[in-house]
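[1] sequence first, then the predicted structure, then my questions.
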Amino acid sequence: MIIKLTKRQQEILDLIKAEISRTGFPPTRAEIAKALGFRSPNAAEDHLRALARKGAIELTPGASRGIRLTGQASLTATPPAVPLADSLPQFVLPIVGRVAAGSPILAQQHIEREIAVEPSLFSHTPDYLLRVQGASMRDVGILYGDLLAVKRTPEALNGQIIVARLGDEVTVKRFSRTANSIKLLPENPDYQPIQVSPSDDFVIEGLAVGLIRTQP
């Protein structure tokens, strides 16, 4: 059965389809509102709920990108999609996966793909997205599989979350420096702090400036 949508609902559904096809992620409510000229994200939310009631999408409560297309979404008339890229300033970032020992983080073999992102998602403009491995930063909401936005810099302040290279390993931890020592602190009681000794091969690769959740 064909789902009957209003013109505005169809525009929003096409926008969602286009963004998932282009970047792998659905748009946020704020992005939908900006792209289609709504006064606030609440207007976008109302239309999304209407689409969910009609079975075209499913919504995940509390997730800014918690929009999933259903099989029914294909049973709609599809006019030309509204290109979000035309209405939002965006830039392209590489996604870095597992980093091989001794090689630069941005070496070509580590880059899974590139995606377009909206700059306002981040506190500072990042240089790349690092796919998080492990659960050592779980308690500050950095989860396995998340994309951590990283600004390249060799320096950090106490308390900042950094990407560091220690020997052959690349890790995400909270930075702690005293007059006599450097520690890399986890945010999960199941993990122990890492003490950095003067003889260790230790380099700060960058600062965490944002996060993209890739799954509920």
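    That came in fine, so what should we check first?

[2] every contact and neighbour count from this point should use C-alpha atoms.
    OK.

[3] what residues are up against the residue nearest to Ile212 when sequence neighbours are not counted?
    Distances taken as CA to CA, 6 or more residues apart in numbering put Leu147 closest to Ile212, at 5.0 Å, once the chain neighbours are dropped. Leu147 is in contact with 95, 129-132, 211-214, counting by CA atoms under 8 Å, 6 or more residues apart in numbering.

[4] at 7 Å what do you get?
    Shown in contact with Leu147 (CA atoms under 7 Å, 6 or more residues apart in numbering): 129-132, 211-213.

[5] any idea how far the helix or strand encompassing Ile20 is from the middle of the chain?
    If you go by DSSP states H and E, Ile20 is part of helix 7-23. Mean-position distance between helix 7-23 and its chain equals 19 Å (CA atoms, centre = their mean, to the nearest Å).

[6] next SSE downstream of that helix?
    With DSSP H and E, the next secondary element past helix 7-23 is helix 29-36.

[7] give me the mean pLDDT for that following helix.
    Average pLDDT, helix 29-36: 87.

[8] for it, which helices and strands make contact with it?
    Helix 29-36 sits against helix 41-53, with contacts defined as 3 or more CA pairs under 7 Å, 6 or more residues apart in numbering; DSSP states H and E.

[9] next one: the helix it packs on to chain centre, how far?
    When C-alpha coordinates are averaged (CA atoms, centre = their mean), helix 41-53 and its chain have centres 23 Å apart.

[10] nearest to Lys151, of the contacts of Leu147?
    Nearest to Lys151 among the contacts of Leu147 is Leu129, at 9.1 Å by CA to CA.

[11] how close does the closest one sit to Asp200?
    26 Å (CA to CA, to the nearest Å).

[12] neighbour count: the two, which is higher?
    Between Leu129 and Asp200, counting by other CA atoms under 10 Å, Leu129 is the more crowded of the two (25 against 10).

[13] tell me what the more buried one is bridged to.
    For Leu129, the beta-bridge assignment (DSSP bridges) gives partners Ile95, Ala149.

[14] would you agree it is in contact with Val150?
    Yes. With contact defined as CA atoms under 7 Å, Leu129 counts as touching Val150 (6.0 Å).

[15] can you list the buried residues in stretch 185-197?
    By neighbour count on 16 or more other CA atoms under 10 Å, the buried set for stretch 185-197 is 185-187.

[16] quick one on the thing from earlier: what's the lowest-pLDDT member of the contacts of Leu147?
    Ranking the contacts of Leu147 by pLDDT, Arg213 lands last with 83.

[17] isn't it up against Asp146?
    Yes. Look at Arg213 against Asp146 with CA under 7 Å: they come within range, at 5.0 Å.

[18] check which helices and strands the lengthiest strand in the chain sits against.
    Assignment by DSSP state E gives strand 202-212 as the longest strand of the chain. Applying 3+ CA pairs under 7 Å, 6+ apart, one finds that strand 202-212 makes contact with strand 147-152, strand 161-166.
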